[in-house]
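Visitor: Here is my input, please return the structure:
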Amino acid sequence: MDEFLKLLLLFGVGSLGGILNVMAGGGSTITLPVLIFLGLEPTLANGTNRLGIIAQTLSAVVSFRQEKYHDFKLSLKLTAFALPGAIAGAILAARISNELFQKILACVLIGVTASILIRKANRNKSFKRQGKQSWWIYPVMLGIGFYGGFMQVGVGFLFMASLFHLMKLDLIRVNMHKVFIIFVYTIPAFLIFVFTGKVEWKYGLILALGMGLGGWWAAKISVKKGEKFIRIVLITAILLMALKLLNIF
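Guide: Numbering: from 1, shown residues only. The predicted structure follows:
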């Protein structure tokens with residue numbers, strides 16, 4: 001494939017991945033395989049993908065703030081628990097071999113598929129901005145942070161489920177906190193990949209441009225369209241992710 005077409009593909013895939021990640025999750029199930037398809041080794045693709053995640057989440061945080069959706073005090077509190085796990089996960093991901101990472105990635109994708117297939121349909125629930133919160137959210141943040149630092153694939157779904165059910169937040173604010181948490185913990189995780197030589201900068205920067213643009217507009221759309229629209233995108237993203245992982249397309 002011509003190099004220009006590769007970069008154009010990365011930008012387009014990055015834009016789509018950024019939209020999916022901010023509004024639902026699963027964007028890395030598109031961007032990571034494309035990076036591998038373009039010739040990067042799995043661990044190198046894993047590190048390169050983090051540059052796009054930083055751009056996407058930063059632009060989404062700024063966009064949410066412009067729309068008057070922000071609660072940095074709570075976001076920082078949740079991030080404080082996710083951050084140590086993310087650093088530990090990134091260190092582990094940067095040290096393992098490509099072969100082992102590829103096997104783990106395959107197992108994770110199978111597990112994500114299984115969780116989607118056995119997922120029970122949610123009853124219609126409407127939560128206010130703040131409800132009765134569970135202390136379980138803090139150890140859960142630590143665990144999700146570790147997974148996000150190590151793999152990142154599908155981590156948005158995990159954050160959405162935990163913040164929605166344990167914090168009793170509406171989906172707009174769920175996404176607001178999610179992008180802030182992922183932005184902060186991805187910075188040290190990305191630096192670990194940089195120091196271990198696991199970043200391909202040319203592809204990473206093009207991917208970042210696309211994901212940054214996608215993240216910006218996804219935050220705007222989330223606020224303008226509301227929770228009902230986010231539910232539709234979330235369900236669609238889960239179904240598409242399941243179909244992709246089942247090799248139906």
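Visitor: can you give me the helices for the chain?
Guide: Under the criterion DSSP state H, the chain contains helices at 3-23, 28-37, 42-66, 72-95, 98-117, 137-150, 155-166, 171-195, 201-225, 227-245.
Visitor: quick one: stretch 215-227 to chain centroid distance?
Guide: 16 Å (Cα atoms, centre = their mean, to the nearest Å).
Visitor: same check, this time on stretch 42-49
Guide: Counting by Cα atoms, centre = their mean, stretch 42-49 comes out at 14 Å from the chain centroid.
Visitor: pLDDT averaged over that stretch, what's the number?
Guide: For stretch 42-49, the mean per-residue pLDDT is 92.
Visitor: quick one: contacts of it?
Guide: 28, 31-32, 35-36, 40, 93-94, 96-98, 101-102, 105, 151-152, 190, 193-194, 196, 198-200, 203-204, 207 (Cβ atoms under 8 Å, 6 or more residues apart in numbering). All C-beta spots, glycine's among them, are computed from the backbone N, C-alpha and C.
Visitor: residues near Gly12, how many?
Guide: Here the count is done by other Cβ atoms under 10 Å, and Gly12 has 13 residues near it.
Visitor: How much space separates it from Glu99?
Guide: Gly12 is 30 Å from Glu99, where distance means Cβ to Cβ, to the nearest Å.
Visitor: likewise Leu7?
Guide: 28 Å.
Visitor: neighbour-wise, which of these two wins?
Guide: Leu7 (18 against 11).
Visitor: With adjacent residues omitted, what lies nearest to the more buried one?
Guide: Ile206 (4.9 Å; Cβ to Cβ, 6 or more residues apart in numbering).
Visitor: Apart from its neighbours in sequence, what residue is nearest the residue nearest in space to the middle of the chain?
Guide: Closest residue to the average C-alpha location of the chain: Gly156 at 4.4 Å, with Cα atoms, centre = their mean. Excluding its sequence neighbours, the residue lying closest to Gly156 (Cβ to Cβ, 6+ apart) is Gly25, at 2.6 Å.
Visitor: and the one you found, what pLDDT?
Guide: 80.
Visitor: Ok, Ile248 next?
Guide: For Ile248, the predicted pLDDT is 61.
Visitor: and the residue nearest to Leu7, how many residues sit next to it?
Guide: 20.
Visitor: coming back round to it: hey, least reliable of the helices of the chain by pLDDT?
Guide: helix 98-117 (a mean of 61).
Visitor: returning to that earlier point: go ahead and confirm the residue nearest to Leu7 touches Leu10.
Guide: Yes: using Cβ atoms under 8 Å, Ile206 is in contact with Leu10, at 4.7 Å.
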